[in-house]
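Chemist: predicted model follows, preceded by the sequence.
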Amino acid sequence: MGNELEFYGKTHSPDIRMLHDMDEVVHDQAWLRSQDNIELYYMYRDLSANGDDHKKIVDNRLRYDITIIPPAMLSDEYVKTAGHYHPAVEGHNLSYAELYQVLEGKATYLLQKAEHGKIVDVIVYEATAGDLVLVPPGYGHITINKTQETLKMANWVCRDFSSLYDPIKKLSGGAYYLLKDGFVKNPEYLSVPGIRYEEPHDYPEAGLFCGTDMYVMVKEIEKLDFLVHPQDHPEIFGQVISV
Ligand SMILES: O=P(O)(O)OC[C@H]1O[C@](O)(CO)[C@@H](O)[C@@H]1O
């Protein structure tokens, strides 16, 4: 109770990520073991403004979610999502992408690309309200709220797959932890490159612009096909795929 979200006049209840759902990925394990199982963040999945929109979204194999992450410290670490990768699109060695937009507050997005068991790229985006961040194929991702404000963000993603949590759980979290003093490498990873900091930007090829509520893409939903068929969209993924 008390965590409902209003979206276009309808009330939605969240899935709640609890602290002990995150046992494997929290930096301070001694602290974690002494803690009660508190609520960390709230996921409102498969939202739509009305039945027509919902049909369009489902017919196009998409999903629109909102996630709310209140400020919190996990001992010395800023609150974050559990983190996951996406599976490969059937018949291709390219995994599904995902598009985020910050609605309120500020987000730190950590993206990491694994190849043959090694991390070959780490990107961090600092995003504020209106900013878009695309998680390209091949990248696992974690969202961190390092502020004192609640973070509210939305995502568009293909609805036909389950996220892969094990690769990040097995290595006790992402390639870096964001602690009070800044990013520190996770020693469980054998070799990790330095962080590349990138700025959120528009994706004009897909009609996506920072500052415009990306839910409105439901009106031209075919432009989000790059989330369902990334292999057909070198105009969006050409550069990142070749990193
Ligand atoms: O699944 P995690 O790593 O807890 O992250 C939660 C986020 O992932 C999503 O499931 C989409 O990837 C969102 O609903 C939510 O923002």
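Modeler: Great, that's in hand. Please read all numbers here as calculations on a predicted model, not as lab measurements.
Chemist: residues from the protein in reach of the ligand?
Modeler: Proximity of the chain to the ligand, by C-beta under 6 Å from any ligand atom, involves residues 17, 43, 45, 65, 67, 81-84, 98, 155, 157, 163. Placement of C-beta: from N, CA and C, glycine included.
Chemist: 8 Å - rerun?
Modeler: Within the chain, the positions lying close to the ligand (C-beta under 8 Å from any ligand atom) are 15, 17, 21, 41, 43-45, 65-67, 81-84, 86, 98, 100, 141-143, 153, 155, 157, 163, 165.
Chemist: tell me if I'm right that Glu104 and Lys152 touch.
Modeler: Yes. Here Glu104 reaches Lys152: they are 4.1 Å apart, a contact under C-beta atoms under 8 Å.
Chemist: who has more neighbours, those two?
Modeler: Shown here are Glu104 and Lys152; by other C-beta atoms under 10 Å, Lys152 has more neighbours (20 against 13).
Chemist: quick check: the more buried one touching Ile66?
Modeler: Yes. Between Lys152 and Ile66 there is a contact under C-beta under 8 Å: 6.6 Å.
Chemist: got any residues that touch both of those two?
Modeler: Common contacts of Lys152 and Ile66 (C-beta atoms under 8 Å, 6 or more residues apart in numbering): Leu103.
Chemist: low-confidence stretches in this protein?
Modeler: Within the chain, the segments meeting pLDDT under 70 span 1, 239-243.
Chemist: from the centre of it, point out the most distant residue.
Modeler: Ser34 (28.0 Å; C-alpha atoms, centre = their mean).
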